[in-house]
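S.K.: fold the following.
(one chain, ligands or ions: 1)
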Amino acid sequence: MKYNSIIIGGGLAGLTSAIRCAEAGLKTALISAGDSALTFASGSIDVLGFRQNNALVDYPFEAISQLPDGHPYRKLGADQVRQSLNFFTGQMAQAGIEMSCHGQQNHSRLTALGAMRPAWLSQPGAKPLSLAEPAAGLRRVAIINIAGCRDFQPALLAAGLKKHTDFAGVELTIGDIRADTISLTARNVYELRSLEIARLLKRDLFSRPEGLTTLASAINKAAGNADLVVLPSVLAVENGNQLIHQLEAHTGLRLCELATLPPSLPGMRMASALRQRYRQLGGLLLEGDEVVSGNFDNDRLLSITTRLNPSMPLTADHFVLATGSFFSRGLDSNPSSLTDKTFNLDVVTAGQRQHWSNQHFLNGSQHPFCYFGIETNDHFNPYQEGQVIGNLYCAGAVLGGFNPVAEASAGGVAISTGWLAAKQITAQYSDVRGNHVESH
Ligand SMILES: Cc1cc2nc3c(=O)[nH]c(=O)nc-3n(C[C@H](O)[C@H](O)[C@H](O)COP(=O)(O)OP(=O)(O)OC[C@H]3O[C@@H](n4cnc5c(N)ncnc54)[C@H](O)[C@@H]3O)c2cc1C
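M.R.: Numbers count the residues shown, from 1 in each chain. Modelled structure (predicted):
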């Protein structure tokens, strides 16, 4: 089977690349071994939240020019990073999720521990707060849990919020909604996980005509007249933002859906929306299979072999490697080395092994290993033993040269590099949109 493009890895980077290729009419296959980091992510997109000296970034696109040479954003430039995010928001909207942002500026997103993280794009249910004054306009915040939900701890959230001087004058209240008051019949109401609550709500409550009003009155009772009501994200994977919107209409309250401990429903929702969009565009999705090797001929990757079909190599003109970092096992490390698990491409590391990590990382110092990953040229083509591979592009967390955690840049780098890989691939075909281009 021959494709125009094969994308390896179905996280944010791979899905963005695959959607762009499929939308341009390329015959595209996406192979993904398992769930991506989106299952753990907040469902907001961090573009660039912190500078190298840990200072907060107000305007992420303006700050790109100050990043060090070799950073993926420096290879793209601010304009292309912005274009890629416009493309992403357009695709999310097509899939039914209108992402929100504060113009060019970062906003604060609340975390389950009461910390504020800078992000640039958020799902509407997350209720992005002002970066400079997150508590602006808030006098009373109610934190409401579903009793027995073990993925969300309101007391921890309240304690975290109280540490912010901005929240000093804000009254915080904690309440919960008992499962039986909203008709949930769980086997163990003391041990509910967020995904299980979503499943039970769908089965026991939202299936009934009065389900939404029952939940709305339980929220009203628990929250009183708060200016903001924070709820754990337990309502639904797919249509969670719509449910929040409907509940706001029923309660007259401003509701903030907060990602819980993993699995994170807003992150899963984003992954589900992107997969749905890709399929809608006619792309082939091979889930649960893993690329185990590639057949290279000097500067080209000719075909790949997967674990489930070792005797049937898949051939393409172009490939994108978006296999993630250590978390998704795109990168592997052992006491003496770091490797790209899929093709053994050249990787960026630095210095002696004992200097790869930093014992004092809790004081804001960085771990050097966070910058490690595949080395690429300015087009994001990798090297194998020094030889550039011209029809293979790398995207997302598998790349070296940036620190996704310290910079708060993971989502933006994944989207922009996945987008650029596809842009370079599609530029090589004249026929766009609608017609599948024949592979040659
Ligand atoms: C706990 C956590 C929280 C996060 N929160 C946020 C957040 O709030 N905001 C934000 O912007 N970013 C966040 N991120 C980062 C973000 O979700 C991703 O890490 C980032 O977008 C990188 O995406 P990716 O597509 O490069 O890799 P990944 O998401 O890691 O996806 C890689 C995919 O490749 C697959 N794969 C690996 N090897 C192979 C192979 N050989 N063959 C086929 N498939 C393979 C994996 O199974 C996986 O599906 C978070 C990350 C983590 C871990």
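
S.K.: for residue 224, the count of nearby residues, please.
M.R.: Residue 224 is flanked by 12 other residues according to other C-beta atoms under 10 Å. All C-beta atoms are positioned from the backbone trio N, CA, C, and that covers glycine.

S.K.: same question for the one 4 residues further on.
M.R.: Applying other C-beta under 10 Å, we find 21 residues neighbouring residue 228.

S.K.: helix/strand/coil for residue 339?
M.R.: strand (DSSP: H, G, I helix; E, B strand; the rest coil).

S.K.: need the per-residue pLDDT for it.
M.R.: With respect to pLDDT, residue 339 has a value of 94.

S.K.: list the residues that contact it.
M.R.: Residue 339 makes contact with 331, 332, 333, 347 under the criterion C-beta atoms under 8 Å, 6 or more residues apart in numbering.

S.K.: do that again at 7 Å, thanks
M.R.: 332, 347 (C-beta atoms under 7 Å, 6 or more residues apart in numbering).

S.K.: mind checking how far it is from residue 117?
M.R.: 31 Å (C-beta to C-beta, to the nearest Å).

S.K.: same question for residue 243.
M.R.: 24 Å.

S.K.: also residue 250?
M.R.: Counting by C-beta to C-beta - residue 250 and residue 117 are separated by 30 Å.

S.K.: low-scoring pLDDT stretches of the stretch 251-400 of the chain, where are they?
M.R.: Applying pLDDT under 70 to the stretch 251-400 of the chain flags no residue at all.

S.K.: make it 80
M.R.: By pLDDT under 80, the weakly predicted segments of the stretch 251-400 of the chain are 351-352, 354, 359-365.

S.K.: pretty sure residue 251 contacts residue 222?
M.R.: No - in this structure, residue 251 is not within contact of residue 222 by C-beta atoms under 7 Å, at 10.4 Å.

S.K.: what about those two, which has more around it?
M.R.: More neighbours surround residue 222 than the other of residue 251 and residue 222, with 21 against 18 (other C-beta under 10 Å).

S.K.: nearest residue to the residue in the stretch 101-250 of the chain positioned nearest to the ligand other than its sequence neighbours?
M.R.: Relative to the ligand, the nearest point of the stretch 101-250 of the chain is residue 119 (6.4 Å; C-beta to the nearest ligand atom). Nearest non-adjacent residue to residue 119, counting by C-beta to C-beta, 6 or more residues apart in numbering: residue 44, 4.0 Å away.

S.K.: ok, residue 426 next?
M.R.: residue 24 is the one closest to residue 426 (C-beta to C-beta, 6+ apart), at 4.1 Å.

S.K.: any idea how far the one you found lies from the ligand?
M.R.: 20 Å (C-beta to the nearest ligand atom, to the nearest Å).

S.K.: how many neighbouring residues does that residue have?
M.R.: 24.

S.K.: for residue 28, same thing?
M.R.: Neighbours around residue 28, by other C-beta under 10 Å: 30.

S.K.: what's the answer for residue 196, then?
M.R.: Residue 196 has 18 nearby residues by other C-beta under 10 Å.

S.K.: isn't there a helix covering it?
M.R.: Yes - counting by three-state DSSP, residue 196 is located in a helix.

S.K.: any idea which element the closest residue to it other than its chain neighbours lies in?
M.R.: If the residues on either side of it in the chain are set aside, residue 196 comes closest to residue 186, at 7.0 Å by C-beta to C-beta, 6+ apart. Assigned by DSSP states H and E, residue 186 belongs to no helix or strand.

S.K.: low-confidence regions, the stretch 1-150 of the chain specifically.
M.R.: 1.

S.K.: in it, which residue sits nearest the ligand?
M.R.: residue 11 (2.3 Å).

S.K.: which residues are in contact with the closest residue to that residue other than its chain neighbours?
M.R.: Spatial nearest neighbour of residue 11, excluding adjacent residues (C-beta to C-beta, 6+ apart): residue 36 at 3.2 Å. Residues in contact with residue 36 (C-beta under 7 Å, 6+ apart) are 10, 11, 12, 271, 324, 328.

S.K.: most neighbours among those residues, please name it.
M.R.: Result: residue 12 is most packed of those (other C-beta under 10 Å), 31 neighbours.

S.K.: isn't that one right up against residue 38?
M.R.: Yes - Residue 12 is in contact with residue 38 according to C-beta under 7 Å; the separation is 6.1 Å.

S.K.: count of neighbours near the residue nearest to residue 119?
M.R.: For residue 44, the count of nearby residues is 24 (other C-beta under 10 Å).

S.K.: that one is in contact with residue 118, isn't it?
M.R.: No - Residue 44 lies out of contact with residue 118 (C-beta under 7 Å); the separation is 9.7 Å.

S.K.: quick one: stretch 354-363 to chain centroid distance?
M.R.: 26 Å (C-alpha atoms, centre = their mean, to the nearest Å).

S.K.: and residue 440, what's its pLDDT?
M.R.: 39.

S.K.: hang on, I meant residue 436
M.R.: At residue 436, pLDDT is 48.

S.K.: show me where the stretch 151-300 of the chain has helices.
M.R.: Along the stretch 151-300 of the chain, the segments classed as helices by DSSP state H, counting those that start in this stretch run 154-162, 194-200, 211-223, 240-251, 265-280.

S.K.: next, format those as JSON lines and append distance to the ligand.
M.R.: Below are those laid out as JSON lines (distance: least, C-beta to the nearest ligand atom, whole Å):
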{"stretch": "helix 154-162", "distance to the ligand": "16"}
{"stretch": "helix 194-200", "distance to the ligand": "15"}
{"stretch": "helix 211-223", "distance to the ligand": "25"}
{"stretch": "helix 240-251", "distance to the ligand": "16"}
{"stretch": "helix 265-280", "distance to the ligand": "7"}
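
S.K.: mind putting these into JSON lines with distance to residue 258?
M.R.: Shown next, in JSON lines, are those (distance: least, C-beta to C-beta, whole Å):
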{"stretch": "helix 154-162", "distance to residue 258": "8"}
{"stretch": "helix 194-200", "distance to residue 258": "10"}
{"stretch": "helix 211-223", "distance to residue 258": "14"}
{"stretch": "helix 240-251", "distance to residue 258": "11"}
{"stretch": "helix 265-280", "distance to residue 258": "9"}
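
S.K.: right, so of these, which gets closest to residue 104?
M.R.: Closest of the helices of the stretch 151-300 of the chain to residue 104 is helix 265-280, at 22.0 Å (criterion: C-beta to C-beta).
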